[in-house]
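*Asks:* Predicted model follows, preceded by the sequence.
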Amino acid sequence: MTGKEMVHNTFQIEKNYTQPPARVCAACALPEKKQKWYADSGQEDEAYEMEFKVGGTEFHRYRCKQGHPIAGMVMENKGCFEDIVPEKRIVMTSTMSLNGKPVTAMLATFEFRSSGTG
């Protein structure tokens, strides 16, 4: 990232599921479920690994398909689980690179709360 302007920002995404928070949180611990989070019809997965525990890592490498704005380019996500409170919260750090060049670094907190319907 040397020589590039740094942009710092905070944003919040809210997603409602029809399942209870405990079930949604538990699904995040299953590699076959979590990988689908990143899945998109515009990509071909090359590698995915996850060790869901505090200090555990997550790695995902994929190539964008033809027709995608960045077709042929390889994206990699590397993350580390910093805190896990079952049924409540997952905190992780993550970086993303595009063709081996870093493009983002983040701290993400996933909080699971009941909305009354799920």
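*Replies:* Looks like it arrived, so ask away.
*Asks:* what about the strands in this protein?
*Replies:* 43-50, 57-64, 74-85, 89-98, 101-111 (DSSP state E).
*Asks:* okay, those strands in a markdown table with distance to Phe11 next?
*Replies:* In short, each C-beta sits where N, CA and C put it, glycine included. Formatted as a markdown table, the strands of the chain follow (distance: least, C-beta to C-beta, whole Å):
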| stretch | distance to Phe11 |
| --- | --- |
| strand 43-50 | 23 |
| strand 57-64 | 21 |
| strand 74-85 | 18 |
| strand 89-98 | 15 |
| strand 101-111 | 10 |
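*Asks:* how near is the residue nearest to the spatial centre of the chain to Arg113?
*Replies:* Computing the C-alpha centroid of the chain and ranking residues by C-alpha atoms, centre = their mean puts Tyr38 first, at 6.6 Å. According to C-beta to C-beta, to the nearest Å, Tyr38 and Arg113 sit 23 Å apart.
*Asks:* picking that back up, how about the strands of the chain, which one is nearest Gln19?
*Replies:* strand 101-111 (14.4 Å; C-beta to C-beta).
*Asks:* Return the alpha-carbon coordinates of the closest one using PDB.
*Replies:* C-alpha atoms of strand 101-111 as PDB (Å, rounded to 0.1, in the frame of the first residue of the first chain):
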ATOM      1  CA  LYS A 101      -1.400  -6.600  -4.400                       C
ATOM      2  CA  PRO A 102      -3.100  -5.600  -1.200                       C
ATOM      3  CA  VAL A 103      -6.300  -3.600  -1.600                       C
ATOM      4  CA  THR A 104      -8.100  -3.700   1.700                       C
ATOM      5  CA  ALA A 105      -7.600  -4.500   5.400                       C
ATOM      6  CA  MET A 106     -10.500  -4.600   7.900                       C
ATOM      7  CA  LEU A 107     -11.700  -5.400  11.300                       C
ATOM      8  CA  ALA A 108     -15.200  -6.900  11.200                       C
ATOM      9  CA  THR A 109     -17.600  -7.600  14.000                       C
ATOM     10  CA  PHE A 110     -20.600  -9.900  13.200                       C
ATOM     11  CA  GLU A 111     -23.200  -9.600  15.900                       C
END
